[in-house]
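Asks: Structure for this input, please:
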Amino acid sequence: MRWIHCLTIGALSMSLAACTTSPTGRSQLTLMSDDQLDQMGAQAFAEYQQKLPTVGGAPLRHVQCVTAALISALPARERDQNWQVRVFESDQANAFALPGGYVGINTGLFQVARNQDQLAAVIGHEIAHVLARHANERASTQTATQLGLSVISSAAGMQGAGGETMMAALGMGAQYGILLPFSRRHESEADTLGLTLMAEAGFDPRASIALWNNMSAAGGARPPTWLSTHPSHGQRLGGLEAGMGQAMARYERARQAGRMPNCPRP
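Replies: Alright, predicted model coming up:
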């Protein structure tokens, strides 16, 4: 479509100055520095801790154990960060990892992640978002998209009610045609990288299939894929199954090397 072409041209100068490559070899637009992302991660983690009470004891030890095993399989830069782990009291089955080395798990997640391997699939997926710099790419894509829309508005002289209607339509096109597909691509990439990470840490990658089946059973109705920030359940399972052969080979090598995590469930 012509407006997508215009958005691309509007962001071209930034793209040329900030093009990087993800761990899977995909080209990325990353306009923010690592220090900026780390500061944002620290702020978000602090705000989350103010909103929900934290849980210690056996649940925290369980999550810390799984996270530590996964971190040991990371590249040096990410591995050497001062990782902080918290368990939050909430029925919502949610987890996150943030730039700067922060991991959070809600207690509700224990209802779907029923053993250490399933929990490793969740945390590995979230850490993979950090490893692939998805927060940077998402923020950068939104910035470039907004710049492109602004350029179109100025160049076309869009004013008044008609201009507002056109800009709203362009904004929806950007959301569904650029930003959401980028988000789904990030989720699929995090699935791939997370599967590799958990296998190299000595967790059984087959548990990822059981986990996402549990998630699907607990999640209820979902919007169509083109309106969602996540791949469909079938797409997600298809991607995991496609990478399972290589993941199992990594898992067997990890076990032979003595990487056998033992993180009892509380």
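
Asks: could you pull out the strands for the stretch 51-200 of the chain?
Replies: Secondary structure of the stretch 51-200 of the chain, counting by DSSP state E, counting those that start in this stretch: strands at 54-55, 84-88, 95-98, 102-106.

Asks: among those, which is nearest residue 61?
Replies: For the strands of the stretch 51-200 of the chain, proximity to residue 61 was assessed by C-beta to C-beta; strand 84-88 is nearest, at 9.4 Å. Just so you know, the C-beta spots here come from the backbone N, C-alpha and C atoms, and that holds for glycine as well.

Asks: and the closest residue to residue 56 other than its chain neighbours, how many neighbours?
Replies: Among residues not flanking residue 56 along the chain, residue 87 sits closest, at 7.6 Å (C-beta to C-beta, 6 or more residues apart in numbering). Neighbour count of residue 87, defined by other C-beta atoms under 10 Å: 27.

Asks: mind putting the strands of the stretch 51-200 of the chain in a markdown table, mean pLDDT included?
Replies: Shown next, in a markdown table, are the strands of the stretch 51-200 of the chain (pLDDT from 0 to 100):
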| stretch | mean pLDDT |
| --- | --- |
| strand 54-55 | 96 |
| strand 84-88 | 97 |
| strand 95-98 | 90 |
| strand 102-106 | 94 |
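
Asks: Flag the shaky bits of the stretch 51-200 of the chain, pLDDT-wise.
Replies: 141, 143-182 (pLDDT under 70).

Asks: Spell out, range by range, the helices that occur in it.
Replies: For the stretch 51-200 of the chain, the helices defined by DSSP state H, counting those that start in this stretch occupy 57-71, 76-79, 116-131, 134-156, 160-174, 180-200.

Asks: And the third one, what does it pack against?
Replies: Going back to what we said before, that points to helix 116-131. Counting contacts by 3 or more C-beta pairs under 8 Å, 6 or more residues apart in numbering; DSSP states H and E, helix 116-131 packs against helix 57-71, helix 76-79, strand 95-98, strand 102-106, helix 180-200, helix 207-219.

Asks: So which of the ones you listed is the most surrounded?
Replies: strand 102-106 (a mean of 24; mean count of other C-beta atoms under 10 Å).

Asks: Which strands and helices lie in contact with that strand?
Replies: By 3+ C-beta pairs under 8 Å, 6+ apart, strand 102-106 packs against helix 34-51, helix 57-71, strand 84-88, strand 95-98, helix 116-131.

Asks: Including distance to residue 247, could the ones you listed go into CSV?
Replies: CSV is the format used below for the helices and strands packed on strand 102-106 (distance: least, C-beta to C-beta, whole Å):
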stretch, distance to residue 247
helix 34-51, 27
helix 57-71, 14
strand 84-88, 24
strand 95-98, 20
helix 116-131, 11
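
Asks: Please identify which of these is closest to residue 215.
Replies: Proximity to residue 215 (C-beta to C-beta) singles out helix 116-131 among the helices and strands packed on strand 102-106, at 8.8 Å.

Asks: Just the angle for the closest one relative to helix 57-71, thanks.
Replies: With axes from the mean of the first three to the mean of the last three C-alpha atoms, to 10 degrees applied, the angle from helix 116-131 to helix 57-71 works out at 60 degrees.

Asks: Pull the number of nearby residues for the closest residue in space to residue 52 that isn't next to it in sequence.
Replies: Once flanking residues are discounted, residue 52 sits nearest to residue 88: 4.2 Å by C-beta to C-beta, 6+ apart. Residues within reach of residue 88, counting by other C-beta under 10 Å, total 21.
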